[in-house]
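>>> sequence plus the predicted model coming up.
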Amino acid sequence: MGEAKRKAKLGVPASPCRGCTYCCSLPEIHALDKPMYRPCRHIAGQASGGLGCGIFGAPERPQTCLAYECAYLTAHRTNHPNRRRIPHPLDAGAYFHRDPIENAFVLFVDPDRPLAWKRTGLVDVLRSAVQAGMPLVVFDRGRRMAIANARHFEEIVARDYVAFADRQGLPRDVPGWEAERSPSAQPSG
């Protein structure tokens with residue numbers, strides 16, 4: 001029996017995320033005073049029946065989190081034509097969403113698997129969006145890349161620009177990003 005069915009039997013709301021916690025780990029969440037790359041203190045561990053939001057469905061879950069949904073979940077919930085083209089974030093090593101404020105797609109890349117997304121159907125989905133004029137903002141290993149045209153997108157896909165920028169000694173856009181990922185930076189409670 002899967003996590004969702006176990007929780008449903010217990011009357012506990014189940015997250016449809018299949019254990020993915022990228023949106024709880026990679027972005028900054030002001031409402032929880034959580035910096036980028038630091039896992040949220042509310043991520044539930046294996047002992048609680050699987051990874052996921054420990055306050056999913058609870059009243060203390062902030063509005064920011066309640067309102068958020070990655071493109072994978074949105075596509076499946078709405079039966080969008082791209083739903084089969086968008087890989088699950090854990091399969092892609094990245095997740096994205098449409099940011100209504102910036103009117104752009106925002107892609108967060110797993111720093112432990114930074115090139116994985118470039119070998120998935122996610123590239124075709126994002127390529128089509130950029131070609132149609134949708135800006136793309138990529139957060140990858142402490143760097144922020146704004147992509148506004150197809151040529152720049154193809155350059156990002158073809159090369160590891162984070163490694164290139166590192167070799168050039170360019171400063172990170174998210175200072176201290178590696179420290180946020182270290183075990184000593186993990187919340188204690």
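That came in fine, so what should we check first?

>>> can you tell me the SS state at Val138?
Of the three states, Val138 takes strand under DSSP: H, G, I helix; E, B strand; the rest coil.

>>> name whatever forms a beta bridge with it.
Leu107, Met145 (DSSP bridges).

>>> hmm, it is touching Ile156, no?
Yes. Using Cβ atoms under 8 Å, Val138 is in contact with Ile156, at 6.7 Å. For the C-beta atoms, the positions are set from N, CA and C on the backbone; glycine is no exception.

>>> so for those two, which residues contact both of them?
Common neighbours of Val138 and Ile156 (criterion: Cβ atoms under 8 Å, 6 or more residues apart in numbering): 145, 147.

>>> the helices in the chain, which residues?
Taking DSSP state H as the test, the helices found in the chain are 3-10, 22-25, 63-67, 71-77, 89-92, 122-131, 150-158, 161-167, 177-181.

>>> reformat those as JSON lines; add mean neighbour count, mean pLDDT and distance to Pro111.
JSON lines is the format used below for those (neighbours: other Cβ atoms under 10 Å; pLDDT from 0 to 100; distance: least, Cβ to Cβ, whole Å):
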{"stretch": "helix 3-10", "mean neighbour count": "13", "mean pLDDT": "61", "distance to Pro111": "26"}
{"stretch": "helix 22-25", "mean neighbour count": "21", "mean pLDDT": "92", "distance to Pro111": "10"}
{"stretch": "helix 63-67", "mean neighbour count": "11", "mean pLDDT": "88", "distance to Pro111": "21"}
{"stretch": "helix 71-77", "mean neighbour count": "18", "mean pLDDT": "92", "distance to Pro111": "19"}
{"stretch": "helix 89-92", "mean neighbour count": "21", "mean pLDDT": "95", "distance to Pro111": "14"}
{"stretch": "helix 122-131", "mean neighbour count": "18", "mean pLDDT": "96", "distance to Pro111": "16"}
{"stretch": "helix 150-158", "mean neighbour count": "15", "mean pLDDT": "95", "distance to Pro111": "16"}
{"stretch": "helix 161-167", "mean neighbour count": "14", "mean pLDDT": "91", "distance to Pro111": "9"}
{"stretch": "helix 177-181", "mean neighbour count": "16", "mean pLDDT": "83", "distance to Pro111": "7"}
